[in-house]
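[1] Any chance you could fold what I've pasted below:
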Amino acid sequence: MPTPPTDVLPVGRIAGPFGVHGELKCDPTSAGRALFVEGAEFLCERAGARQTIVLHSVREHQGRFLVRIEGAGDLNTAQPFIGATLLAERGRIALSEGEYLDRDLVGCELVSNDGTPYGRVERVEHYPSSDMLVVKGRLVPMVRAFLREIDVEHKRIVVDVPKGLLDDEAEEA
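    Coordinates of the predicted model:
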């Protein structure tokens, strides 16, 4: 058995059954949505094990996908896939200009225009108003007004943020 690729990302989750003919409700990630087509292969991770699956059919229904997995033609054979995470190789995920995966931003050094380091990105949080970089427990909005350069290859993000957002001047006032 070949070793599964290590550079894979979650692109969807099987949420539950739909009807009795083996269709499953699938919630795709925004980055993985375009991958869900008939005949697409995914790694399926469930109960700590991984296996390759092929989508027999895909259709959209109320904002999510209804999928049928080859070899799972009825409710009984589809049932074990409920709760599984679908994974795809990173190279299959197409990003538009200015789009980044959270995992690419985590670990980047956040620096000012003059190179003053603020700290490393601990995680990315998603809010309705904007995505936020978390640096030393502080939230930095990912908005054009603050971001000057994102270089994921060199793990560096240059920002121009208001005084007090990342330094201790606000605490001293």
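
[2] can we go C-alpha only for contacts and neighbour counts from here?
    OK.

[3] show me where the chain has helices.
    Along the chain, the segments classed as helices by DSSP state H run 75-78, 102-105, 169-172.

[4] mean pLDDT for these: which is lowest?
    Per-stretch mean pLDDT for the helices of the chain is lowest at helix 169-172 (a mean of 47).

[5] So which helix or strand of this protein has the lowest pLDDT on average?
    helix 169-172 (a mean of 47; mean pLDDT, DSSP states H and E).

[6] mind listing what's buried in the strand ranked longest in the chain?
    The longest strand of the chain (DSSP state E) is strand 49-61. Using 16 or more other C-alpha atoms under 10 Å as the test for burial, strand 49-61 gives 50, 53-58.

[7] and of those residues, the nearest to residue 102?
    Comparing the buried residues of strand 49-61 against residue 102 with C-alpha to C-alpha picks out residue 50 as the nearest, at 23.0 Å.

[8] Once you drop chain neighbours, what's closest to the closest one?
    residue 44 (5.4 Å; C-alpha to C-alpha, 6 or more residues apart in numbering).

[9] That neighbour and residue 85 touch, don't they?
    Yes. If you go by C-alpha atoms under 8 Å, residue 44 and residue 85 touch, sitting 5.9 Å apart.

[10] so where is this protein shaky, pLDDT-wise?
    For the chain, the stretches with pLDDT under 70 are 1-6, 168-173.

[11] Kindly recompute the last result at 50.
    Applying pLDDT under 50 to the chain flags residues 1-5, 170-173.

[12] does residue 8 have beta-bridge partners, and which?
    Counting by DSSP bridges, residue 8 is bridged to residue 89.

[13] so what's it up against?
    87-90 (C-alpha atoms under 8 Å, 6 or more residues apart in numbering).

[14] Give me the neighbour count for the spatially closest residue to residue 55 that is not a sequence neighbour.
    In space, and not counting its chain neighbours, residue 55 is closest to residue 69: 4.6 Å by C-alpha to C-alpha, 6+ apart. A total of 23 residues lie near residue 69 under the criterion other C-alpha atoms under 10 Å.
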